[in-house]
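Chemist: Build me a model from this:
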Amino acid sequence: MADHYEVLGVARDASTEEIKKAYRRLARELHPDVNPSTEASERFKLVTHAYDVLSDPAQRRQYDQGGSGSPFGGAGGAGFGGFGDIFETFFGGGGGGTRGPRSRRERGQDALLRVEVDLDEVVFGTHRDLEVDTAVVCETCNGSCCAPGTSPVTCDICRGTGQIQRQVRSLLGNVVTSSPCGTCRGYGTVIQTPCVTCQGQGRVRARRSVPVDIPAGVDTGTRIQMPGSGEAGPAGGPNGDLYLEIKVRSHDVFSRNGDDLLATLEVPMTDAILGTNTTIPGLDGDVDVEIKAGIQAGEIITVKDRGVTKLRGSGRGDLRIGVHVVTPTKLSGRERELIEQFASSKKSKGPELAQFQQGLFARLRDRFLG
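Modeler: Now for the predicted structure:
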(Lines give C-alpha, C1' and ligand atoms only; values in the text may rest on other atoms or scores of the structure.)
Protein backbone atom coordinates (compact mmCIF):
# COMPACT_ATOMS: atom_id res chain seq x y z
CA MET A 1 0.00 0.00 0.00
CA ALA A 2 1.34 3.43 -0.92
CA ASP A 3 2.38 5.72 1.89
CA HIS A 4 -0.42 8.19 2.53
CA TYR A 5 1.96 11.08 3.15
CA GLU A 6 3.76 10.39 -0.14
CA VAL A 7 0.46 10.15 -2.00
CA LEU A 8 -0.53 13.62 -0.80
CA GLY A 9 3.00 14.99 -1.12
CA VAL A 10 3.24 16.27 2.47
CA ALA A 11 5.67 15.74 5.32
CA ARG A 12 4.79 13.35 8.13
CA ASP A 13 4.50 16.26 10.55
CA ALA A 14 2.22 18.25 8.23
CA SER A 15 -0.63 20.13 9.87
CA THR A 16 -4.30 19.36 9.23
CA GLU A 17 -4.58 22.51 7.12
CA GLU A 18 -1.55 21.54 5.00
CA ILE A 19 -3.07 18.09 4.40
CA LYS A 20 -6.37 19.65 3.39
CA LYS A 21 -4.68 22.07 0.96
CA ALA A 22 -2.69 19.23 -0.62
CA TYR A 23 -5.86 17.16 -1.06
CA ARG A 24 -7.76 20.03 -2.65
CA ARG A 25 -4.92 20.74 -5.07
CA LEU A 26 -4.68 17.10 -6.18
CA ALA A 27 -8.45 16.63 -6.33
CA ARG A 28 -8.82 19.58 -8.69
CA GLU A 29 -6.31 17.89 -10.96
CA LEU A 30 -7.48 14.29 -10.71
CA HIS A 31 -11.25 14.42 -10.21
CA PRO A 32 -12.97 12.21 -12.88
CA ASP A 33 -15.15 15.09 -14.02
CA VAL A 34 -11.99 17.07 -14.75
CA ASN A 35 -9.58 14.33 -15.83
CA PRO A 36 -11.44 11.25 -17.20
CA SER A 37 -8.32 9.12 -17.75
CA THR A 38 -8.08 5.74 -16.00
CA GLU A 39 -4.75 6.64 -14.41
CA ALA A 40 -6.18 9.84 -12.94
CA SER A 41 -9.17 7.91 -11.61
CA GLU A 42 -6.92 5.44 -9.79
CA ARG A 43 -4.75 8.20 -8.37
CA PHE A 44 -7.87 10.07 -7.26
CA LYS A 45 -8.97 7.02 -5.26
CA LEU A 46 -5.56 6.82 -3.58
CA VAL A 47 -5.55 10.55 -2.82
CA THR A 48 -9.05 10.42 -1.39
CA HIS A 49 -8.27 7.41 0.79
CA ALA A 50 -5.06 9.02 2.04
CA TYR A 51 -6.93 12.20 2.91
CA ASP A 52 -9.69 10.25 4.71
CA VAL A 53 -7.13 8.61 6.93
CA LEU A 54 -4.86 11.57 7.63
CA SER A 55 -7.64 14.10 8.14
CA ASP A 56 -9.12 12.06 10.99
CA PRO A 57 -6.93 12.43 14.15
CA ALA A 58 -7.73 8.96 15.47
CA GLN A 59 -7.08 7.19 12.15
CA ARG A 60 -3.93 9.21 11.55
CA ARG A 61 -2.62 8.29 15.00
CA GLN A 62 -3.35 4.63 14.31
CA TYR A 63 -1.71 4.87 10.88
CA ASP A 64 1.42 6.53 12.32
CA GLN A 65 1.66 3.69 14.87
CA GLY A 66 1.77 1.10 12.10
CA GLY A 67 -1.92 0.56 11.32
CA SER A 68 -3.06 0.58 7.72
CA GLY A 69 -6.12 2.73 8.30
CA SER A 70 -9.61 1.77 7.28
CA PRO A 71 -10.06 1.84 3.50
CA PHE A 72 -13.39 3.58 4.04
CA GLY A 73 -12.35 5.95 6.81
CA GLY A 74 -14.72 4.39 9.35
CA ALA A 75 -18.02 2.57 9.41
CA GLY A 76 -20.63 3.48 6.86
CA GLY A 77 -18.07 5.21 4.62
CA ALA A 78 -17.96 8.27 6.87
CA GLY A 79 -14.48 9.03 5.58
CA PHE A 80 -15.98 10.34 2.35
CA GLY A 81 -17.32 13.36 4.24
CA GLY A 82 -14.37 15.37 2.91
CA PHE A 83 -15.92 15.28 -0.57
CA GLY A 84 -18.24 18.11 0.39
CA ASP A 85 -15.40 20.63 0.29
CA ILE A 86 -14.09 19.56 -3.08
CA PHE A 87 -17.57 19.30 -4.63
CA GLU A 88 -18.26 22.85 -3.49
CA THR A 89 -15.02 23.94 -5.13
CA PHE A 90 -15.96 22.28 -8.45
CA PHE A 91 -19.70 22.81 -8.64
CA GLY A 92 -20.69 25.60 -6.25
CA GLY A 93 -22.54 23.17 -4.01
CA GLY A 94 -22.15 19.48 -3.28
CA GLY A 95 -22.54 17.06 -0.45
CA GLY A 96 -26.28 17.68 -0.48
CA GLY A 97 -25.70 21.25 0.81
CA THR A 98 -27.18 24.27 -1.00
CA ARG A 99 -26.42 27.94 -0.98
CA GLY A 100 -29.19 30.34 -0.15
CA PRO A 101 -30.54 32.88 -2.65
CA ARG A 102 -28.48 36.03 -3.11
CA SER A 103 -29.87 39.38 -2.05
CA ARG A 104 -30.97 42.03 -4.53
CA ARG A 105 -29.74 44.69 -2.11
CA GLU A 106 -26.17 45.71 -2.84
CA ARG A 107 -23.95 48.50 -1.60
CA GLY A 108 -23.82 51.56 -3.85
CA GLN A 109 -20.67 52.73 -5.56
CA ASP A 110 -18.27 55.26 -4.08
CA ALA A 111 -18.07 58.67 -5.74
CA LEU A 112 -15.22 61.17 -6.14
CA LEU A 113 -15.90 64.90 -6.30
CA ARG A 114 -13.30 67.65 -6.81
CA VAL A 115 -13.88 70.83 -4.81
CA GLU A 116 -12.04 74.14 -5.23
CA VAL A 117 -11.62 76.44 -2.23
CA ASP A 118 -9.92 79.80 -1.74
CA LEU A 119 -6.84 80.20 0.42
CA ASP A 120 -8.70 82.36 2.94
CA GLU A 121 -11.27 79.55 3.37
CA VAL A 122 -8.46 77.18 4.30
CA VAL A 123 -7.37 79.25 7.30
CA PHE A 124 -10.39 78.33 9.45
CA GLY A 125 -12.30 75.89 7.25
CA THR A 126 -15.54 76.47 5.42
CA HIS A 127 -18.98 75.01 4.71
CA ARG A 128 -20.34 74.10 1.28
CA ASP A 129 -23.63 72.73 -0.01
CA LEU A 130 -22.59 70.68 -3.02
CA GLU A 131 -24.99 69.73 -5.81
CA VAL A 132 -24.29 66.13 -6.85
CA ASP A 133 -25.73 64.06 -9.71
CA THR A 134 -25.97 60.57 -8.27
CA ALA A 135 -28.17 57.51 -7.69
CA VAL A 136 -30.85 57.94 -5.01
CA VAL A 137 -33.52 55.61 -3.65
CA CYS A 138 -36.62 55.52 -5.85
CA GLU A 139 -39.40 57.38 -4.06
CA THR A 140 -42.11 55.48 -5.94
CA CYS A 141 -41.19 52.00 -4.69
CA ASN A 142 -38.94 53.07 -1.79
CA GLY A 143 -36.22 50.72 -3.05
CA SER A 144 -38.39 47.60 -3.29
CA CYS A 145 -38.09 47.49 -7.12
CA CYS A 146 -41.78 46.56 -7.32
CA ALA A 147 -44.76 48.57 -8.46
CA PRO A 148 -46.73 49.99 -5.50
CA GLY A 149 -49.02 47.38 -3.97
CA THR A 150 -46.97 44.43 -5.30
CA SER A 151 -44.06 42.40 -4.00
CA PRO A 152 -41.63 39.77 -5.31
CA VAL A 153 -43.01 36.23 -5.66
CA THR A 154 -41.18 33.01 -5.01
CA CYS A 155 -39.53 31.58 -8.11
CA ASP A 156 -41.47 28.45 -9.14
CA ILE A 157 -38.40 26.96 -10.86
CA CYS A 158 -35.96 26.91 -7.93
CA ARG A 159 -38.70 27.21 -5.27
CA GLY A 160 -36.99 30.17 -3.66
CA THR A 161 -33.55 28.61 -3.22
CA GLY A 162 -31.93 30.59 -6.02
CA GLN A 163 -30.13 27.39 -7.10
CA ILE A 164 -30.82 24.63 -9.58
CA GLN A 165 -29.50 21.18 -8.66
CA ARG A 166 -28.62 18.57 -11.24
CA GLN A 167 -27.34 15.01 -10.96
CA VAL A 168 -24.18 14.21 -12.90
CA ARG A 169 -23.17 10.59 -13.34
CA SER A 170 -19.48 9.94 -12.74
CA LEU A 171 -17.21 7.05 -11.83
CA LEU A 172 -18.00 7.77 -8.20
CA GLY A 173 -21.71 7.52 -8.79
CA ASN A 174 -24.26 10.29 -9.02
CA VAL A 175 -22.86 13.70 -8.11
CA VAL A 176 -25.23 16.59 -7.30
CA THR A 177 -24.18 19.90 -8.83
CA SER A 178 -25.67 23.31 -8.07
CA SER A 179 -25.81 26.47 -10.19
CA PRO A 180 -27.72 29.79 -10.03
CA CYS A 181 -31.29 29.62 -11.28
CA GLY A 182 -31.59 31.16 -14.74
CA THR A 183 -35.15 32.30 -14.20
CA CYS A 184 -34.63 34.40 -11.06
CA ARG A 185 -30.85 34.86 -11.56
CA GLY A 186 -30.17 33.39 -8.15
CA TYR A 187 -32.41 35.76 -6.18
CA GLY A 188 -35.01 33.13 -5.33
CA THR A 189 -37.81 35.56 -6.18
CA VAL A 190 -39.18 37.11 -9.36
CA ILE A 191 -40.48 40.66 -9.72
CA GLN A 192 -43.57 40.25 -11.88
CA THR A 193 -44.56 43.93 -11.86
CA PRO A 194 -41.43 46.14 -11.78
CA CYS A 195 -41.66 49.75 -10.66
CA VAL A 196 -42.09 51.90 -13.79
CA THR A 197 -40.16 54.82 -12.30
CA CYS A 198 -36.89 52.97 -11.65
CA GLN A 199 -37.43 50.05 -14.08
CA GLY A 200 -37.15 47.60 -11.21
CA GLN A 201 -33.77 48.88 -9.99
CA GLY A 202 -34.93 50.47 -6.74
CA ARG A 203 -32.96 53.65 -7.50
CA VAL A 204 -32.94 56.52 -9.99
CA ARG A 205 -30.51 59.23 -11.10
CA ALA A 206 -31.18 62.57 -9.48
CA ARG A 207 -29.51 65.76 -8.27
CA ARG A 208 -29.23 66.16 -4.54
CA SER A 209 -27.56 68.62 -2.19
CA VAL A 210 -24.79 67.34 0.09
CA PRO A 211 -23.76 69.58 3.02
CA VAL A 212 -19.98 69.49 3.52
CA ASP A 213 -17.84 70.91 6.31
CA ILE A 214 -14.33 71.37 4.89
CA PRO A 215 -11.88 71.43 7.80
CA ALA A 216 -9.22 74.07 8.25
CA GLY A 217 -5.74 73.23 7.04
CA VAL A 218 -6.62 71.22 3.96
CA ASP A 219 -4.31 71.55 0.97
CA THR A 220 -4.39 70.68 -2.70
CA GLY A 221 -4.62 66.88 -2.98
CA THR A 222 -6.26 66.36 0.42
CA ARG A 223 -9.07 63.79 0.28
CA ILE A 224 -12.02 63.86 2.66
CA GLN A 225 -14.12 60.72 3.11
CA MET A 226 -17.85 61.09 3.75
CA PRO A 227 -19.23 57.64 4.65
CA GLY A 228 -22.70 56.90 3.32
CA SER A 229 -22.87 59.97 1.07
CA GLY A 230 -22.14 58.15 -2.20
CA GLU A 231 -24.55 56.43 -4.58
CA ALA A 232 -27.57 54.54 -3.27
CA GLY A 233 -27.32 50.79 -3.76
CA PRO A 234 -29.64 48.69 -5.94
CA ALA A 235 -32.90 47.55 -4.35
CA GLY A 236 -32.54 49.95 -1.44
CA GLY A 237 -28.99 48.83 -0.60
CA PRO A 238 -26.76 51.02 1.58
CA ASN A 239 -25.05 54.05 0.09
CA GLY A 240 -21.41 54.03 -0.90
CA ASP A 241 -18.99 56.69 0.32
CA LEU A 242 -18.29 60.13 -1.13
CA TYR A 243 -14.69 61.30 -1.44
CA LEU A 244 -13.86 64.98 -1.82
CA GLU A 245 -10.54 65.90 -3.45
CA ILE A 246 -9.51 69.44 -2.52
CA LYS A 247 -7.85 72.00 -4.77
CA VAL A 248 -6.78 75.33 -3.22
CA ARG A 249 -6.91 78.27 -5.61
CA SER A 250 -3.87 80.54 -5.94
CA HIS A 251 -3.97 83.91 -4.13
CA ASP A 252 -2.73 87.19 -5.56
CA VAL A 253 -0.83 88.21 -2.42
CA PHE A 254 -0.31 85.21 -0.17
CA SER A 255 1.18 81.81 -0.85
CA ARG A 256 1.57 78.81 1.41
CA ASN A 257 4.37 76.65 2.73
CA GLY A 258 2.96 73.93 4.94
CA ASP A 259 1.03 75.72 7.68
CA ASP A 260 2.84 79.05 7.11
CA LEU A 261 1.59 81.90 4.94
CA LEU A 262 4.14 83.80 2.85
CA ALA A 263 3.95 87.39 1.60
CA THR A 264 6.26 90.11 0.29
CA LEU A 265 6.16 93.64 1.77
CA GLU A 266 7.50 96.61 -0.22
CA VAL A 267 9.21 99.04 2.18
CA PRO A 268 10.28 102.53 1.09
CA MET A 269 13.99 103.20 1.54
CA THR A 270 13.40 105.88 4.16
CA ASP A 271 11.21 103.53 6.26
CA ALA A 272 13.87 100.86 5.98
CA ILE A 273 16.46 103.32 7.27
CA LEU A 274 14.43 104.88 10.06
CA GLY A 275 12.05 102.05 10.91
CA THR A 276 8.27 102.29 11.23
CA ASN A 277 5.09 100.46 12.15
CA THR A 278 2.44 99.54 9.59
CA THR A 279 -0.76 97.55 9.29
CA ILE A 280 -1.36 95.14 6.43
CA PRO A 281 -4.55 93.22 5.52
CA GLY A 282 -4.29 89.51 6.36
CA LEU A 283 -6.53 86.67 5.28
CA ASP A 284 -8.36 86.85 8.60
CA GLY A 285 -8.09 90.52 9.50
CA ASP A 286 -5.49 93.26 9.80
CA VAL A 287 -1.96 92.42 10.92
CA ASP A 288 0.31 94.88 12.76
CA VAL A 289 3.90 94.76 11.49
CA GLU A 290 6.97 96.37 13.06
CA ILE A 291 9.73 97.38 10.63
CA LYS A 292 12.92 97.89 12.58
CA ALA A 293 15.36 100.62 11.63
CA GLY A 294 18.06 99.46 9.27
CA ILE A 295 16.15 96.46 7.99
CA GLN A 296 17.75 94.91 4.92
CA ALA A 297 16.17 93.73 1.70
CA GLY A 298 15.39 90.01 1.85
CA GLU A 299 14.96 89.87 5.62
CA ILE A 300 11.97 87.96 6.95
CA ILE A 301 9.51 89.39 9.46
CA THR A 302 7.66 86.58 11.28
CA VAL A 303 4.23 87.18 12.78
CA LYS A 304 3.41 84.26 15.05
CA ASP A 305 0.14 82.32 14.83
CA ARG A 306 -1.26 84.20 11.81
CA GLY A 307 -0.83 81.36 9.34
CA VAL A 308 -3.08 78.41 8.46
CA THR A 309 -4.84 76.39 11.16
CA LYS A 310 -3.17 72.99 11.40
CA LEU A 311 -5.14 70.13 9.89
CA ARG A 312 -3.74 67.72 12.46
CA GLY A 313 -2.95 68.87 15.93
CA SER A 314 -3.71 72.32 17.30
CA GLY A 315 -2.62 75.88 16.74
CA ARG A 316 -1.72 77.80 13.60
CA GLY A 317 1.34 78.36 11.49
CA ASP A 318 3.06 81.73 11.13
CA LEU A 319 2.84 84.62 8.68
CA ARG A 320 6.30 85.15 7.17
CA ILE A 321 6.81 88.46 5.40
CA GLY A 322 9.76 88.99 3.08
CA VAL A 323 11.02 92.59 2.94
CA HIS A 324 11.62 94.26 -0.42
CA VAL A 325 13.25 97.69 0.00
CA VAL A 326 12.07 100.07 -2.72
CA THR A 327 14.63 102.60 -3.96
CA PRO A 328 13.11 105.75 -5.45
CA THR A 329 13.75 106.27 -9.17
CA LYS A 330 12.74 109.93 -9.40
CA LEU A 331 13.98 112.63 -7.00
CA SER A 332 13.31 116.35 -6.76
CA GLY A 333 16.23 118.72 -6.55
CA ARG A 334 15.82 119.14 -2.81
CA GLU A 335 15.55 115.34 -2.25
CA ARG A 336 18.68 114.73 -4.27
CA GLU A 337 20.56 117.38 -2.30
CA LEU A 338 19.56 115.78 1.00
CA ILE A 339 20.60 112.32 -0.22
CA GLU A 340 23.97 113.65 -1.32
CA GLN A 341 24.52 115.27 2.08
CA PHE A 342 23.63 111.98 3.74
CA ALA A 343 26.00 110.04 1.49
CA SER A 344 28.92 112.41 2.14
CA SER A 345 28.38 112.21 5.87
CA LYS A 346 28.60 108.40 5.80
CA LYS A 347 31.98 108.51 4.02
CA SER A 348 31.33 105.10 2.40
CA LYS A 349 33.89 103.53 0.09
CA GLY A 350 31.35 103.31 -2.70
CA PRO A 351 30.35 100.24 -4.67
CA GLU A 352 32.80 97.35 -4.58
CA LEU A 353 32.81 93.64 -5.27
CA ALA A 354 31.92 91.35 -2.39
CA GLN A 355 31.50 87.65 -1.79
CA PHE A 356 28.92 86.13 -4.17
CA GLN A 357 25.34 86.39 -2.93
CA GLN A 358 22.21 84.97 -4.43
CA GLY A 359 19.62 87.26 -5.97
CA LEU A 360 16.82 88.81 -3.99
CA PHE A 361 14.13 86.43 -5.11
CA ALA A 362 16.34 83.39 -4.60
CA ARG A 363 17.15 84.58 -1.10
CA LEU A 364 13.48 85.15 -0.34
CA ARG A 365 12.65 81.68 -1.60
CA ASP A 366 15.40 80.02 0.42
CA ARG A 367 14.47 81.87 3.59
CA PHE A 368 10.80 81.06 3.17
CA LEU A 369 11.37 77.40 2.46
CA GLY A 370 14.46 76.88 4.59
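
Chemist: my guess is residue 160 contacts residue 181, does it?
Modeler: No: contact criterion Cβ atoms under 8 Å: residue 160 and residue 181 do not qualify, at 9.5 Å. For glycine as for every other residue, the C-beta is placed from the backbone atoms N, C-alpha and C.

Chemist: Show me whatever sits in contact with both of those two.
Modeler: Counting by Cβ atoms under 8 Å, 6 or more residues apart in numbering, the common neighbours of residue 160 and residue 181 are residue 188.

Chemist: Would you mind telling me which of the two has the busier surroundings?
Modeler: Neighbours were counted for residue 160 and for residue 181 using other Cβ atoms under 10 Å; residue 181 has more, 21 against 17.

Chemist: Look up phi and psi at residue 305.
Modeler: Dihedral pair for residue 305: phi 60, psi 30, per degrees, to the nearest 10.

Chemist: For residue 251, see how far away the residue nearest to it when sequence neighbours are not counted is.
Modeler: Leaving aside its sequence neighbours, residue 305 sits nearest to residue 316 (Cβ to Cβ, 6 or more residues apart in numbering; 4.9 Å). Plainly put, residue 316 is 17 Å away from residue 251 if you go by Cβ to Cβ, to the nearest Å.

Chemist: which one of these two has more residues nearby?
Modeler: Each of residue 316 and residue 251 has its neighbours counted (other Cβ under 10 Å); residue 316 has more, 20 against 15.

Chemist: domains in this protein, as residue ranges please.
Modeler: As given by the TED database, the domain ranges for the chain are 1-65, 111-152+191-248, 254-347+356-369.

Chemist: contacting residues around the spatially closest residue to residue 278 that is not a sequence neighbour?
Modeler: Nearest non-adjacent residue to residue 278, counting by Cβ to Cβ, 6+ apart: residue 289, 5.3 Å away. Applying Cβ under 8 Å, 6+ apart to residue 289 gives the contacts 265, 277-280, 301, 303, 321.

Chemist: if I look at residue 289, how far off is residue 319?
Modeler: Counting by Cβ to Cβ, the separation of residue 289 from residue 319 is 9 Å.

Chemist: Could you do residue 280 as well?
Modeler: According to Cβ to Cβ, residue 280 stands 9 Å off from residue 319.

Chemist: which neighbours do those two share?
Modeler: 263, 287.

Chemist: ranges for the helices of this structure?
Modeler: Under the criterion DSSP state H, the chain carries helices at the ranges 4-8, 16-30, 38-54, 57-64, 83-91, 119-124, 269-274, 333-346, 360-369.

Chemist: and the domains of the chain as JSON lines, adding distance to residue 175 and mean pLDDT?
Modeler: Listed next are the domains of the chain as JSON lines, based on distance: least, Cβ to Cβ, whole Å; pLDDT from 0 to 100:
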{"stretch": "domain 1-65", "distance to residue 175": "7", "mean pLDDT": "82"}
{"stretch": "domain 111-152+191-248", "distance to residue 175": "32", "mean pLDDT": "93"}
{"stretch": "domain 254-347+356-369", "distance to residue 175": "59", "mean pLDDT": "86"}
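
Chemist: quick one on the thing from earlier: the residue nearest to residue 305 is in contact with residue 283, isn't it?
Modeler: No: applying Cβ under 8 Å as the test, residue 316 and residue 283 come out as separate, 11.1 Å apart.

Chemist: shared neighbours, the two?
Modeler: Contact with both residue 316 and residue 283 is made by residues residue 123, according to Cβ under 8 Å, 6+ apart.

Chemist: hang on, the earlier thing: can you list the helices of the chain in a markdown table and add distance to residue 174 and mean neighbour count?
Modeler: What follows is the helices of the chain, written out as a markdown table (distance: least, Cβ to Cβ, whole Å; neighbours: other Cβ atoms under 10 Å):
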| stretch | distance to residue 174 | mean neighbour count |
| --- | --- | --- |
| helix 4-8 | 26 | 20 |
| helix 16-30 | 18 | 16 |
| helix 38-54 | 16 | 19 |
| helix 57-64 | 27 | 14 |
| helix 83-91 | 12 | 17 |
| helix 119-124 | 70 | 19 |
| helix 269-274 | 100 | 15 |
| helix 333-346 | 112 | 10 |
| helix 360-369 | 77 | 14 |
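
Chemist: re earlier: ok, the residue nearest to residue 305 to residue 310 distance?
Modeler: Distance, residue 316 to residue 310, using Cβ to Cβ: 7 Å.

Chemist: Between those two, which contacts overlap?
Modeler: Common neighbours of residue 316 and residue 310 (criterion: Cβ under 8 Å, 6+ apart): residue 259.

Chemist: still on that earlier bit, among the contacts of residue 289, which one sits closest to residue 239?
Modeler: residue 303 (44.8 Å; Cβ to Cβ).

Chemist: From residue 286, how far out is residue 279?
Modeler: For residue 279, the distance to residue 286 - Cβ to Cβ - is 5 Å.
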